[in-house]
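# Here is a sequence with its predicted model. Questions after.
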Amino acid sequence: MTIAYLLIDLPSDHEVEWALSTECDTIRGILTNKGARLRSKVKHVRATKLGALFDCAPRKPYDHVRYVHLACHAGDDGIDLLGGKATWKELAKLLTRYVSPLRAQQRRVLCLSCCHSKAGVQKMQRWLAKHFTAVYYLTEHRVGFDTSMVVWTMFYYRKSLDAPLAKAKERINEFFDNQPIEIRYYDKSAAPAKASPPTRRSGRKLRPRRPS
């Protein structure tokens, strides 16, 4: 089976105790309901300990994954699990067990959904730069469950496998006042080209043509 979407779900204690639908549950539902073509391309992994996440890793890294969505709880120095903590470095190295290095012209996106996700994106770049083209992350240090759920629901509702990265970000940020989502490009060549500054035109005015 070719996996296009890999959803990694690291729930907190209240999500487990109250039997709540997690962020990845909702994303899986959105993608699955888009049709049979995507239904067979979604892989959902759930773990409460780093060891369990390690055990769930495939024997051979997935090669064709286009989106990895990681939903977890985190601080500036790493992520929090029910069974302990992990540094960003430990998490990054574990993610490389799930997805293979990128081939030439291949694109893959990581969606990091947690508090302090900007710090995670920066601190994991050293290990993930060869595995991901870009990372979507939440801009605020502290992110509520309601905000993250709405942001990512909109993202996967709007986003197709081949749509440009920046378009989804722009549409979501138009809905909110605080611009909650941003992109960091690990591969600079994948970033949209900046518009060139307008050329300065001569101040000479053109005279209207006389009718012949």
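Here it is on my side, so go on. Numbers count the residues shown, from 1 in each chain.
# Just the mean pLDDT for the longest helix along the chain, thanks.
When the chain is parsed with DSSP state H, its longest helix is helix 145-158. The average pLDDT for helix 145-158 rounds to 89.
# do stretch 63-80 as well
94.
# What residues sit buried inside that stretch?
65-74, 78-80 (16 or more other CB atoms under 10 Å). Backbone N, C-alpha and C define where each C-beta goes, glycine included.
# Chain neighbours aside, what residue packs nearest to A57?
R97 (4.1 Å; CB to CB, 6 or more residues apart in numbering).
# can you pull the contacts of the one you found?
Contacts for R97 were tallied using CB atoms under 8 Å, 6 or more residues apart in numbering; they are F54, A57, P58, P61.
# Report the contact partners of the closest residue to R158 other than its chain neighbours.
Of all residues not flanking R158 in the chain, A168 sits nearest, at 5.4 Å (CB to CB, 6+ apart). Neighbouring residues of A168 by CB under 8 Å, 6+ apart: F155, R158, K159.
# Next, the angle helix 145-158 makes with the helix or strand A168 falls within.
Using DSSP states H and E, the element containing A168 is helix 165-175. Following axes from the mean of the first three to the mean of the last three CA atoms, to 10 degrees, one obtains 130 degrees for the angle between helix 165-175 and helix 145-158.
# Would you mind confirming that M124 makes contact with K89?
Yes - the pair M124 and K89 passes the contact test of CB atoms under 8 Å, sitting 7.4 Å apart.
# Please identify which of those two sits among more neighbours.
M124 (25 against 14; other CB atoms under 10 Å).
# Please report the distance of the more buried one from A166.
Between M124 and A166 the computed distance is 21 Å (CB to CB, to the nearest Å).
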